[in-house]
Each structure stands twice: as structure tokens, then as C-alpha cells.
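S.K.: The sequence isn't on hand, but the structure is:
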Ligand SMILES: Nc1nc2c(ncn2[C@@H]2O[C@H](COP(=O)(O)OP(=O)(O)OP(=O)(O)O)[C@@H](O)[C@H]2O)c(=O)[nH]1
């Protein structure tokens, strides 16, 4: 199977909105994923806490398999190539946009990258909920950033009461039309909203002593409960042994509700010439399919997980059930065109 490209997620947000706080949170709660973080200076990333294993030039190797590197926009492509180089063990690359460039320019840089081991993975805009009105007055371009974002992280909601929060959501919704708004405090987003837990069958987990990184995980710090990050999110599973109709699934995806932060899993379309396994991956508005072959003996089934807040589970399940094709013979190759627009090998 071809090596999967490494998704590159861009994190933007105005000064002090909480980008670094969120990155530190992701590094401490990476769920086994190896994260490459690109910042424009190391200053605020909590490197001490991550057991620094070594520093080479502008790259710091973190104890949990994550890498952190500092570049300006001109060095970005070279750094992406380095992070994603042959034998790279990085699962996801996160670029903190502050001081580097406008998010739009960064997206262009990533899309135009000559490195064929990466792919653009979406834009997260971090917003300081308490300062939103003042920030917007000083930086009217914030509206464009919000419109461009795939997921808006509404941080510092601890500083708002319920009425202020509702008023802010009412202002934001028409600016970021259809884009999921994710309220958080201290950037504590569930890492699985951004990337999958890696499966490393070649290296089974062996029992071991807790490392410093394990001990620093906020799960342990706060309540010792592994899955508390999922609290407040709802997770829905959908399984179908019958193939899905690609056009109907794309219509379902186009209309997915704003509270649906993440979808992941495998889709089986079963259309002649397109009988491959299509892995679906959405982060907010961002959507991508990865095509690959089925492993020997792997059942040809669609299996999806939907994660969100305030979502109507029954409506989503019945929406997906309506995508099941009862007459696959009626489908032709060109029914796959809407899917293939979002697909990579
Ligand atoms: N009350 C509160 N404070 C927060 C929250 N998130 C971050 N902070 C604080 O806000 C300040 C700025 O956070 P950073 O994470 O450094 O913000 P940033 O976007 O990386 O800032 P720059 O790198 O300067 O652009 C820090 O003092 C954080 O501790 C939150 O949800 N609630």
C-alpha cells in the first residue's frame, strides 16, 4: 500500500487567542500520535515539560516522538520536507500561523509544497471568546479568516457567562456560515477531532512504566480518567454491509450540521472500477477521501464514526441510512465524480 501522506493542519488566531496553549495541550494528549509542530520560535511551546531528547539546528525532538521546529515562512517548505522525509514517523504536522504569514498565504504554501509526502489538512481558527469584539474592531480581516476556517475553536469560554456565550455565537454564526464552532477553555480540544490515533501493528504496545510524558498528561493531572476529553462530545457509529450511493453520501456531507466536528471511517461504494476502500476524514468543513485497496479478508463494509456536540443522532443515522444503495447495479462510474474530487490515492 502506498505511504499515506501526512496531513498538515494550520492553526491561526490573533495574538493571545490561545494557539500555543492549544498546541501544548495537543502535545501532552497526543494519544500516541507523533506530532510535528512548526512554530516561528520555540519560546512558548512547553518544551521542558516534554523531556527534550535532543536539538538539531532548529528542530527539537520531544520525548513522546513529537518534533518541534522553528522557521519563518520562507523556510517552511524545506521544514515540511524534513519533517515528512523518508522514514518519517510523524503522523500529523501542525503549523502555528502566528508571526509566519496570513492563513490564506500559508494554505497556498502548503498546497503548492513540492513535498509529495504531505497534504493540506485544514485550517483551525482560534478565537479569544472574551476579546472577540475588540479583536474584530482592531483586525477586520478576522472575518475573512473565520470564513476560511474549517473549524473555529472558540477559546477562553471560561471568561463568558451563558448569556455572553449565546450572544457571541449569534454574532459568529453568520460570519462563519456552516462552519463548526467548538467552544473550549485552555485550548482543550480532543486531539481525535484533528487526527486519528495511529495504528502501529508493527510495534505492539508493551506494558511499561509510566514515562514523564504520561505523568504530564492532563488526563492524569485532572481526574485520572482516560476519556474525559470526550465529555461533552457525542459519538455516533454507523455500519452498513450494503454499499453507499456516492451522490447521496456527498449530499449528506454537504449538509452536515455545524455541530458535527469530525467524521472518520471507511466507505464502501462497490461501483465497478471504484470498489476500493475509501477512507473518509472530515475536520469541520474540511473533507478528504483516501483510496486504498482492501486487506485480504477485510469485510467490504462502511463503518463511520461521527463526533459532535448538540447533534441529532437519530437524524444523522437516518440520513446515512438513506445513502445505502439497494440497487448497486444501477450505479455507473461517473456517479463517483463528486467523491473523486475529494479523493487522493
Ligand atoms: N482564562 C483563559 N486563559 C487562557 C485560555 N487559553 C489561553 N489562556 C491564556 O491566554 C494567554 C495567551 O495564550 P497563548 O496560548 O499564549 O496565546 P497565543 O495565541 O499562542 O498567543 P501568541 O503566540 O502571542 O499569538 C496565556 O496567558 C494563556 O494562559 C482560556 O481558555 N482561558
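M.R.: Noted; the coordinates are in hand. Nothing here was measured: the structure is a model prediction, and the numbers come from that model. Numbers count the residues shown, from 1 in each chain.
S.K.: can we go C-alpha only for contacts and neighbour counts from here?
M.R.: Will do.
S.K.: Off-centre distance for the longest helix along the chain?
M.R.: Assignment by DSSP state H gives helix 162-175 as the longest helix of the chain. Taking the mean of its C-alpha atoms, helix 162-175 sits 24 Å from the chain's own mean (CA atoms, centre = their mean, to the nearest Å).
S.K.: Show residues contacting that helix.
M.R.: 129, 143, 146-147, 157, 179 (CA atoms under 8 Å, 6 or more residues apart in numbering).
S.K.: Over to stretch 136-148?
M.R.: By CA under 8 Å, 6+ apart, the list of residues contacting stretch 136-148 reads 103-104, 123, 125, 135, 152, 175-177, 179.
S.K.: Check which residues of whichever strand or helix holds residue 93 are buried.
M.R.: Assigned by DSSP states H and E, residue 93 belongs to strand 92-96. Under the neighbour-count criterion of 16 or more other CA atoms under 10 Å, strand 92-96 has 92-96 buried.
S.K.: Nearest to the ligand among the contacts of stretch 136-148?
M.R.: When the contacts of stretch 136-148 are compared for distance to the ligand (CA to the nearest ligand atom), residue 125 wins out at 10.1 Å.
S.K.: Can you show me the helices along the stretch 101-250 of the chain?
M.R.: Along the stretch 101-250 of the chain, the stretches classed as helices by DSSP state H, counting those that start in this stretch are 103-111, 132-138, 142-148, 162-175, 212-216, 218-222, 246-254.
S.K.: Tell me which of those sits nearest to residue 234.
M.R.: helix 246-254 (17.9 Å; CA to CA).
S.K.: buried sites along that closest one?
M.R.: Within helix 246-254, the residues scored as buried using 16+ other CA under 10 Å are 246-249, 252-253.
S.K.: Tell me which helix or strand comes right after that helix.
M.R.: Moving toward the C-terminus from helix 246-254, the next helix or strand (DSSP H and E) is strand 260-268.
S.K.: Direction included, what does that next one pair against?
M.R.: Within its sheet, strand 260-268 is paired with strand 277-283 (antiparallel), strand 302-308 (antiparallel), according to DSSP bridges.
S.K.: Export those strands as TSV, with columns for mean pLDDT, distance to the ligand and mean neighbour count.
M.R.: As requested, these are exported to TSV (pLDDT from 0 to 100; distance: least, CA to the nearest ligand atom, whole Å; neighbours: other CA atoms under 10 Å):
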stretch	mean pLDDT	distance to the ligand	mean neighbour count
strand 277-283	90	20	22
strand 302-308	91	20	20
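S.K.: just curious, which of the buried residues of helix 246-254 is nearest to residue 240?
M.R.: Nearest to residue 240 among the buried residues of helix 246-254 is residue 249, at 12.9 Å by CA to CA.
S.K.: list the contacts for that closest one?
M.R.: 320, 323.
S.K.: same thing but at 10 Å, please
M.R.: Counting by CA atoms under 10 Å, 6 or more residues apart in numbering, residue 249 touches 255, 267, 269, 319-324, 338-339.
S.K.: so how far is the ligand from residue 142?
M.R.: To the ligand, residue 142 is 14 Å away according to CA to the nearest ligand atom, to the nearest Å.
S.K.: Oops, could you answer that again for residue 318 instead?
M.R.: On the measure of CA to the nearest ligand atom, residue 318 and the ligand end up 36 Å apart.
S.K.: Count residues in the vicinity of that residue, would you?
M.R.: 11 (other CA atoms under 10 Å).
S.K.: what are the phi and psi values for it?
M.R.: Dihedral angles of residue 318 (phi, psi; degrees, to the nearest 10) stand at phi -70, psi -30.
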